[in-house]
Structures are given as structure tokens and as C-alpha cells.
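**Student:** Have a look; sequence and predicted model below, questions after that.
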Amino acid sequence: MLTLADVKLQRRIDEDDTTEDALLQRFIDAAYRHAEAHTQTAIRPRSKTVVIDGFPPVDRAIDLPWYPVQSIDALEFITPSGDSHPLDETALRLDTRDDPHRLYPRWGDRWPATIAEPESVTITATVGYEKTPEDIELALLLLIGHWYENRESVVIGTITAEVPMGVEMLLFDYCRHAVG
């Protein structure tokens, strides 16, 4: 994770100078949100939950809506009798080779039966990178530096241009592309 100390070093701000720490932290948070929205990738680690309308047929995969997925923390489903039941993580197989990451029942098993109602399966996962990739950190530092130096929404009386091979290029390899 990008820290306040990293930003201060890049901006050449004395580490003991705390006058703009709150602003810099807001820039860090906003830069992460921007990069995550731009790439459609979870960069900061956190817990996410999705609710789906039952398991797929037989042993087919559940396409997870996040990338990257570190682990499946919980899976609960409602049985045909209406009881909530957890599915142990040892009964699951997480495939992180492709995008989207996919969740399967363990080899040789099938998904359990659920109640024939919407929202019968709840999956909770830890998503995001354990450590922010260096290219993304560099993109965040460039973005924060721009916001730090240009604190208004417009610049009057100057010619501006985006830095070639800047933020967009550094984030490019982390972008997820989707149709629809």
C-alpha cells in the first residue's frame, strides 16, 4: 500500500512536516479509487460480498465479480428446507488462473441444493493485491503529484498536456475489459 511517507518522499516534503498530511491522505485515497475505477480491479485488499440466486447446475463455475481474489472467506446458502448453512472452504476450489476468477465445488463434488428463491447463496471473499504492484504505485504517485501541484479544477493561461507514458500507460496492463 502506498503510504503517506511514500508520497512525501516523492513530493520532497519533509517527513516531519505534518501540515498537509490530511490533504495528502485524501489524495492517496482518491488516487486508489480512481485507479480501481479505471482498471475495474480491486487494488487495495478488503472484504467483499456477493449474493447470487442459487448455485449453477452440477459442478459448473461461479464467475466471481472481483479481480483479483485472494481467498474465499465464507460461503453460506439456504437449503431447500429454508435453513442457512455454511459451506466449508475445503469444499471449494478457487481458480485464479483466468479473469474472471472462478469458484467450483471441490473435485468430484457437486454444488449443494438450495431453496428455489432469489438470493440464496452469499459469498464473502478477500479481494485486492496483497502488495500494490509497483506500476500502480508509480501511477498513483504521478496522479497525486498532479493533484498536489494543481489544486483547482482548471488552469488558466498555460498550455497543458498529459505526460507521455504516464498514469494511463502504467495502469494499462491492469485494466479489465468488459462488454456491456
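**Tutor:** Perfect, I can see it now. All figures in this text were calculated on a predicted structure; none of them were measured in a lab.

**Student:** Please name the bridge partners of Pro105.
**Tutor:** Leu92 (DSSP bridges).

**Student:** ok, it touching Thr90?
**Tutor:** No - using C-beta atoms under 8 Å, Pro105 is not in contact with Thr90; the gap is 10.9 Å. (Glycine included, C-beta is placed from N, CA and C.)

**Student:** roughly how far is stretch 19-26 from the heart of the chain?
**Tutor:** Remark: stretch 19-26 is offset 23 Å from the chain centroid, using C-alpha atoms, centre = their mean, to the nearest Å.

**Student:** how far away is the residue nearest the centre of the chain from Thr96?
**Tutor:** Nearest to the geometric centre of the chain sits Ala42, at 0.9 Å (C-alpha atoms, centre = their mean). Computed as C-beta to C-beta, to the nearest Å, the Ala42 to Thr96 distance reads 13 Å.

**Student:** Tell me where the model's unsure across this protein.
**Tutor:** 178-180 (pLDDT under 70).

**Student:** For it, which segments count as helices?
**Tutor:** 4-11, 21-39, 134-149, 167-172 (DSSP state H).

**Student:** Can you check which strand is longest in the protein?
**Tutor:** Looking across the chain with DSSP state E, the single longest strand is strand 69-78.

**Student:** That strand: which residues count as buried?
**Tutor:** Neighbour counts using 16 or more other C-beta atoms under 10 Å place Val69, Gln70, Ile72, Leu75, Phe77, Ile78 of strand 69-78 among the buried residues.

**Student:** Compare Pro105 and Thr90 (neighbour count), which wins?
**Tutor:** Using other C-beta atoms under 10 Å as the criterion, Pro105 and Thr90 rank with Pro105 on top: 20 against 7.

**Student:** OK, contacts around that one?
**Tutor:** Asp59, Ala91, Leu92, Arg93, Trp111 (C-beta atoms under 8 Å, 6 or more residues apart in numbering).

**Student:** Just the closest of those to Lys8, please.
**Tutor:** Nearest to Lys8 among the contacts of Pro105 is Leu92, at 42.5 Å by C-beta to C-beta.

**Student:** Quick check: that closest one vs Thr3, distance?
**Tutor:** Leu92 is 34 Å from Thr3, by C-beta to C-beta.

**Student:** cool, and Asp135?
**Tutor:** 17 Å.

**Student:** Comparing these two, which residue is more hemmed in?
**Tutor:** Asp135 (14 against 11).

**Student:** Identify the spatial nearest neighbour of the more buried one, chain neighbours not counted.
**Tutor:** Leu170 (4.7 Å; C-beta to C-beta, 6 or more residues apart in numbering).
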